[in-house]
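Q: Need coordinates for the below:
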Amino acid sequence: MNTKLSVNINKIATLRNARGGNEPNVLQFAKLIQNYGADGITIHPRPDERHIRYQDARDLRPVVTTELNIEGNPIPKFIDLVLEVKPEQVTLVPDDPNQLTSDHGWDTIKHQSYLYDIIKEFKKHGIRTSIFVDPDLKMVEGAVATGTDRIELYTESYASEYAKGNKQIIETFAASSKLAYQLGLGINAGHDLSLDNIAFFKQNLPFLDEVSIGHALVAEALIYGMENVVRMYQNKLKVES
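A: Predicted coordinates for the structure are as follows:
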């Protein structure tokens, strides 16, 4: 199964915002990253706009010719933005406004009706939906009733344990992926995936539709160059499952 690579360009925006002005230019980088072979562009605008701004989402829409994925907590302002921009995919993340980064998935049982209403609205406008979930079988089962098209497995625990040499952690993710597939859900994954751990992850999740990678990929691009890194990820995603 072909697993698509969506590159999160939030860190490009962080560099831009650090000095003001428009360098590095997020639109230019989105074009380049697609030209280098990425299958999509991901952005995660937060209410304080500390990296990607809401206007960036609007400006990126005509630039992204692959797939645009907008992540975020579905507060009213975010919902309005998504319905205006109409990305190919929206990924719902239970972020607190003060969080440094995403650190947990949805409780798909507790928030089932809340997610259902929001997802129904997005799907009415032809936008594919995905929701951030931990690799917990109950949360995967609960996701079905929300009406989502896909789940995105939160992979921080995998990356952390893999770095310690604990490869058995993959079993939890493989089981969640298998269940999601059996339930008719698409499977995305993201958070702390890197060149060091992506091939093993892909090899053990045969039903993986897409990975979204930002922080590690941009950091690795400082060493190897953006074009090389995008191609390195694509090569690692081609390993046999």
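Q: List the contacts of the residue most central in space within the chain.
A: What sits nearest the mean C-alpha location of the chain, by C-alpha atoms, centre = their mean, is residue 212, with 3.8 Å. Neighbouring residues of residue 212 by C-beta atoms under 8 Å, 6 or more residues apart in numbering: 6, 7, 8, 42, 69, 71, 91, 152, 188, 189, 190. Using the backbone N, CA and C atoms, a C-beta is placed for each residue, glycine as well.
Q: Narrow the residues you listed to those in strands?
A: 6, 7, 8, 42, 69, 71, 91, 152, 188, 189, 190 (DSSP state E).
Q: so the fifth one touches residue 4, yeah?
A: No. Applying C-beta atoms under 8 Å, one finds residue 69 not in contact with residue 4, separated by 10.0 Å.
Q: who's more crowded, these two?
A: residue 69 (27 against 18; other C-beta atoms under 10 Å).
Q: sorry, back to before: give the intersection of the neighbour lists for residue 69 and residue 4.
A: Listed contacts common to residue 69 and residue 4 are residue 40; contacts here mean C-beta under 8 Å, 6+ apart.
Q: for the contacts of residue 212, which one is nearest residue 225?
A: Comparing the contacts of residue 212 against residue 225 with C-beta to C-beta places residue 7 closest, at 13.9 Å.
Q: hang on, isn't residue 159 packed against residue 191?
A: Yes. Here residue 159 lies in contact with residue 191, judged by C-beta under 8 Å, at a distance of 7.3 Å.
Q: Neighbour count: these two, which is higher?
A: Relative neighbour count places residue 191 above the other of residue 159 and residue 191, with 25 against 18, counting by other C-beta under 10 Å.
Q: how near is the more buried one to residue 133?
A: 12 Å (C-beta to C-beta, to the nearest Å).
Q: Quick check: neighbours shared by those two?
A: Joint contacts of residue 191 and residue 133 (C-beta under 8 Å, 6+ apart) are residue 154.
Q: Would you map the helices across the protein?
A: Assigned by DSSP state H, the chain shows helices spanning 10-19, 26-35, 54-60, 76-85, 112-124, 137-144, 156-163, 170-182, 198-204, 215-224, 226-236.
Q: Would you reformat these as TSV and include distance to residue 106 and mean pLDDT?
A: Formatted as TSV, the helices of the chain follow (distance: least, C-beta to C-beta, whole Å; pLDDT from 0 to 100):
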stretch	distance to residue 106	mean pLDDT
helix 10-19	20	96
helix 26-35	28	98
helix 54-60	22	98
helix 76-85	15	97
helix 112-124	7	97
helix 137-144	7	97
helix 156-163	15	96
helix 170-182	14	98
helix 198-204	21	97
helix 215-224	21	97
helix 226-236	27	98
